[in-house]
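[1] need a structure here:
(chains A and B)
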Amino acid sequence: ELKVEQNPLFLSMQEGKNYTIYCNYSTTSDRLYWYRQDPGKSLESLFVLLSNGAVKQEGRLMASLDTKARLSTLHITAAVHDLSATYFCAVDMEDSNYQLIWGAGTKLIIKP
Amino acid sequence: GAVVSQHPSRVICKSGTSVKIECRSLDFQATTMFWYRQFPKKSLMLMATSNEGSKATYEQGVEKDKFLINHASLTLSTLTVTSAHPEDSSFYICSASRSSGGIQYFGAGTRLSVL
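    I've put the predicted structure just below:
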């Protein structure tokens, strides 16, 4: 059974600091996704990672994938208040009919 | 782009009434659409998967007679919450993909409050 674990579940940090959110999954998957959710809003797609060693960057966010370790990281560089949100990782695989399996989410609060 | 429109964004209704939520793919044909439910401070829970022209596949524990899903065209799926009760209050999110196994694009969500 494919499971996804995200940590930490809650993170409070100061502006300007760097931090990393981790996403571990239990079995081989085809794709790994990172989403952002603001309070009361739906999901905003951030990254889709397809292959081992994939790295994608957008602004202060950088996501990477290590399929051998079954680990993805979302790194935040020099955090700013606007990045406060809940971040979800999710994976899918052909064997599960590409159903998205979700992490529990990381609530990130960035204090000015 | 791949835009998914979900309507309404918020609905308040009395207990016992039925509520219909629409999910439209605006600039692509969605072979597959998904309906999720999200409880406060929780992750998304898949309710059902629907393929155009066929019956929806419901996840275990989801009452198909209560949550009616129709995917009559390649651009529209609807979720009807029948005889809604306060415990049905939640945030419902749809997503659509061009093909089975394709990347999902999410609607803006519908917040349902049943009084």
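
[2] mind checking the SS state of B:Glu87?
    Of the three states, B:Glu87 takes helix under DSSP: H, G, I helix; E, B strand; the rest coil.

[3] show me what contacts it?
    Counting by CB atoms under 8 Å, 6 or more residues apart in numbering or on different chains, B:Glu87 makes contact with B:Val114. For every residue, glycine as well, the C-beta is placed using N, CA and C.

[4] state the distance from it to B:Gly61.
    Using CB to CB, to the nearest Å, B:Glu87 is found at 13 Å from B:Gly61.

[5] on the three-state scheme, the nearest residue to B:Gln38 once chain neighbours are set aside is what?
    Once flanking residues are discounted, B:Gln38 sits nearest to B:Phe91: 4.5 Å by CB to CB, 6 or more residues apart in numbering or on different chains. Under three-state DSSP, B:Phe91 falls in the strand class.

[6] next, count neighbours for B:Phe91.
    By other CB atoms under 10 Å in any protein chain shown, the residues close to B:Phe91 number 19.

[7] report the buried residues of stretch A:51-65.
    Using 16 or more other CB atoms under 10 Å in any protein chain shown as the test for burial, stretch A:51-65 gives A:54, A:61-65.

[8] strands - which of these land there?
    Using DSSP state E, the members of the buried residues of stretch A:51-65 that fall in strands are A:61-65.

[9] please, where are all the helices along chain A?
    Remark: helices of chain A are absent; assignment by DSSP state H.

[10] contacts only, for the residue lying closest to A:Gly103 once chain neighbours are set aside.
    Using CB to CB, 6+ apart and skipping residues adjacent in sequence, the residue nearest A:Gly103 is A:Gln6, 3.3 Å away. A:Gln6 is in contact with A:21-24, A:88-89, A:103-106, counting by CB under 8 Å, 6+ apart.

[11] hmm, try it at 10 Å
    Going by CB atoms under 10 Å, 6 or more residues apart in numbering or on different chains, A:Gln6 touches A:21-25, A:72, A:74, A:87-90, A:102-106, B:43.
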